[in-house]
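**Q** sequence and computational prediction follow.
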Amino acid sequence: MDRPNIIVAGILNTKGETVRYIAERVKEAGGNPLVMELSLGKECGWADISLGELLKSVGKTAQDVFSLDRAGACELVTKGAVRTVLRLYGEGKVQGVIATGGSMGTSIACTMMRALPIGVPKMMLSTDASGEVSVHVGTRDICMLYPIAETGLNRITRRILNYAAAGIVGMASAPKVVETQNRPLVGCMMFGVTTPCVLRAQKHMEEQGYEVIVNHCTGAGGQSMEEMMEEGHIVGMLDLTTEEVTADVFDTKFQRSGPARLKTAAKKGIPQVVSVGGSELMLYEGVGDVPEHLMAEIKSGVRKLYNHNPAVACVAITEEETRMFAREFARRLAPATAPTVICIPMRGWGGCDIAAPNLELGWAGDGAGPTWIAGGNPAHSRRSEVMLEVLQEELPRKENLEVLVVDKHINEPEFADIAAELLTEMLDGTWKRGSHAGLPYVRSLF
C-alpha cells in the first residue's frame with residue numbers, strides 16, 4: 001500500500017514544535033506528512049503548505065492577515081485552508097488530516113475538516129475536546145482527542161501525540177471497502193421511544209436489498225441526515241421520528257436540527273414515509289435544565305414530564321402546542337413532489353405515550369404512559385386526533401401525497417411493517433395511493 005498523504009495542520013508560530021513532532025511520528029508510522037501552516041501572527045516559512053499558499057487561494061497575502069485583528073485574520077486563514085484542502089483532496093493528494101490547537105487553532109482546523117467529505121479520516125487534538133464539541137464536529141466524522149496539555153513536548157505529551165499520529169495513519173491506511181457490497185441507502189431517524197418500530201422497519205428494508213442508516217434524533221443526527229440527502233447518498237426516507245421538528249418549533253435549544261429538518265426529501269424529490277415518533281416531547285438536558293415556567297406547569301398538572309435518563313428530561317407538549325407542531329409539520333411536507341405518505345399512529349407516538357403498560361411497546365410503569373393524553377376514543381391519542389384535524393386543513397391534495405390513519409401504536413409491529421412496505425413500493429415504482437387503506441386498521445384521510 002502507498003504511504004497515505006496526511007495533512008498535519010496547526011498555528012506554527014505558537015504550536016510549531018508540537019506540529020513538527022506529530023509530522024515526524026506520522027512519517028515513522030508509515031504516512032507522508034504535509035505540514036500546513038495556519039498561523040495568524042507570523043509566517044514560519046518551513047511548512048510544506050505555506051500560509052502564503054493558503055492566502056493566495058483567497059486573493060490575499062500574509063501581510064493582509066497580519067494587519068487584521070484576530071477575528072478577521074482567523075476568517076481569512078480559515079477560508080484559505082478550506083479552499084486549499086479541497087483542491088488538494090480533489091487532486092487525490094489528501095488521505096487524512098490531523099491538527100492540533102487551542103480554541104483558535106481548533107476552530108480553523110475543524111472548519112477545514114468539516115469541508116471534506118464523510119469518510120476522509122479527520123483527527124483533532126484539542127483542549128476543547130473535554131467540553132462541548134458540537135460547534136467543532138458539526139455533522140462530520142471528526143475524531144476529537146483531548147491531548148492533556150495545550151503545547152510542549154514531554155514524557156506525557158509525546159506518548160499522546162505518537163499514538164494520535166499512528167491513529168490517523170492507520171485510519172488513512174484502512175482496507176478499501178468493496179464497493180460491490182454497497183446497496184441503495186435508506187435513511188431512518190430514531191429516538192429511544194421509537195426503537196422497536198425503527199428496528200423492525202430497518203430489518204424489512206435490509207431483507208428487501210437496501211442498506212439502512214439509522215440516525216439518532218439528537219439535532220446533529222437530523223442535520224447530518226438532511227445533508228446526506230442533499231449530497232445524494234439517500235434514495236428513500238423512513239422519517240418515523242421527528243422530535244427534532246418539535247425542538248425547532250418550540251426553540252428548546254437542545255437537540256434542534258434547524259429549519260431544514262423535514263424539508264430536503266420534499267425539495268430533492270426523494271420518496272419518504274413520515275410519522276410523528278417522539279414528537280410529543282420537548283427535550284432538555286436533565287430536569288435541572290427544564291425552564292421554570294414549564295416546571296410550574298408540570299407541578300400544576302398542565303403538562304407532563306418523562307425522565308428518559310439522567311441526561312435527558314422530556315416535557316410533553318400540550319394539545320394546543322400539538323396544533324402548532326402539526327401546522328409546521330404540514331408546511332414542511334407540503335412541497336413534496338415524490339411519493340410521500342404520512343402515517344399517524346392513533347394509539348401513541350412513542351414508548352412513553354401509551355394508554356396502558358406494555359413492555360414490548362416501551363412502557364412498563366403503572367397506568368398510562370407519562371405523556372399520554374386520551375382522545376375522544378379513550379384508546380386514541382388526542383394529539384393524533386389534532387394532527388389529523390390540522391393535516392386535513394393544511395395539506396394540499398396531490399396524487400403523490402397521502403395521509404394514513406393507522407389504528408396502532410407506533411411501536412406495534414404492524415405499524416413498522418406498513419411504513420417499510422410503503423417505502424419499498426415507492427422505491428420499486430409500484431406505490432399507488434390507497435395501497436394499504438384496505439387493511440382493517442388503516443384508512444386514508446384523503
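**A** The structure has been received and is ready for your questions. Numbering: from 1, shown residues only.
**Q** all contacts plus neighbour counts: C-alpha atoms, from now on.
**A** Fine.
**Q** neighbouring contacts of the helix or strand residue 74 falls within?
**A** Assigned by DSSP states H and E, residue 74 belongs to helix 70-90. Under the contact criterion Cα atoms under 8 Å, 6 or more residues apart in numbering, helix 70-90 has outside partners 38-40, 51, 53-58, 65-66, 94-95, 104, 108-109, 111-113, 115-116.
**Q** just the buried residues out of those, in PyMOL syntax.
**A** Remark: buried members of these, expressed as a PyMOL selection using 16 or more other Cα atoms under 10 Å:
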select buried, resi 38+39+40+51+53+54+55+57+65+66+94+95+104+108+109+111+112+113+116
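**Q** wouldn't residue 271 be in contact with residue 229 here?
**A** No: Residue 271 is beyond contact range of residue 229, at 11.1 Å (criterion: Cα atoms under 8 Å).
**Q** looking only at pLDDT, what's the mean for whichever strand or helix holds residue 328?
**A** Residue 328 belongs to helix 319-333 when assigned by DSSP H and E. The pLDDT scores in helix 319-333 average 97.
**Q** cool, stretch 39-54 as well?
**A** On average, the pLDDT along stretch 39-54 is 91.
**Q** re the thing from before, strands paired with whichever helix or strand comes after the helix holding residue 74, and their directions?
**A** On the C-terminal side of helix 70-90, the nearest following helix or strand under DSSP H and E is strand 96-101. Taking DSSP bridges as the criterion, strand 96-101 forms sheet pairs with strand 5-10 (parallel), strand 122-126 (parallel).
**Q** centre of the chain to the longest one, how far?
**A** On the basis of Cα atoms, centre = their mean, to the nearest Å, strand 5-10 sits 26 Å off its chain's mean C-alpha point.
**Q** now that strand and helix 70-90, what's the angle there?
**A** 180 degrees (axes from the mean of the first three to the mean of the last three Cα atoms, to 10 degrees).
**Q** strands along the stretch 151-300 of the chain, start to end?
**A** Remark: strands assigned in the stretch 151-300 of the chain by DSSP state E, counting those that start in this stretch are 185-190, 211-216, 236-241, 272-277, 281-284.
**Q** so which of those strands is nearest residue 439?
**A** Smallest distance to residue 439 across the strands of the stretch 151-300 of the chain (Cα to Cα): 17.4 Å, for strand 272-277.
**Q** tell me what angle that closest one forms with strand 185-190.
**A** Using the same axes, to 10 degrees: strand 272-277 against strand 185-190 is 10 degrees.
**Q** name the helices or strands packed onto strand 272-277?
**A** Judged by 3 or more Cα pairs under 8 Å, 6 or more residues apart in numbering; DSSP states H and E, strand 272-277 is in contact with strand 236-241, strand 340-345, helix 413-428.
**Q** mind listing what's buried along that strand?
**A** Across strand 272-277, burial judged by 16+ other Cα under 10 Å covers 272, 273, 274, 275, 276, 277.
**Q** go on, stretch 430-444?
**A** By neighbour count with 16+ other Cα under 10 Å, stretch 430-444 contains the buried residues 431, 433, 436, 437, 442, 443, 444.
**Q** now do the SS call for the first one.
**A** Yep, that's residue 431 we're talking about. coil (DSSP: H, G, I helix; E, B strand; the rest coil).
**Q** what's the per-residue pLDDT of it here?
**A** Residue 431 is assigned a predicted lDDT (pLDDT) of 96.
**Q** looks like it contacts residue 425 (just checking).
**A** Yes: under the criterion of Cα under 8 Å, residue 431 makes contact with residue 425 at 4.6 Å.
**Q** quick one on the thing from earlier: please identify the deepest-packed of the strands paired with strand 96-101.
**A** Greatest average neighbour count among these goes to strand 5-10 (a mean of 27), per mean count of other Cα atoms under 10 Å.
**Q** what lies in contact with that strand?
**A** By Cα under 8 Å, 6+ apart, the surrounding residues in contact with strand 5-10 are 16, 19, 22-23, 26, 31-39, 93-101, 105, 109, 168-169.
**Q** could you chop the protein up by domain?
**A** 5-172, 179-285+317-444 (automatic domain parsing).
**Q** let me know which of those domains is the nearest to residue 306.
**A** domain 179-285+317-444 (5.9 Å).
**Q** and the closest one, how far out from the chain's middle?
**A** Distance of domain 179-285+317-444 from its chain centroid, counting by Cα atoms, centre = their mean, is 16 Å.
**Q** go on, stretch 439-446?
**A** Counting by Cα atoms, centre = their mean, stretch 439-446 comes out at 32 Å from the chain centroid.
**Q** average pLDDT across it?
**A** Per-residue pLDDT over stretch 439-446 has a mean of 95.
**Q** hmm, who's touching it?
**A** Stretch 439-446 is touched from outside by 388, 392, 397, 402-408, 434, 436-437, with contacts defined as Cα under 8 Å, 6+ apart.
**Q** follow-up on the earlier one: please identify the most buried of the helices and strands packed on strand 272-277.
**A** Highest mean neighbour count of the helices and strands packed on strand 272-277: strand 236-241, a mean of 27 (counted as mean count of other Cα under 10 Å).
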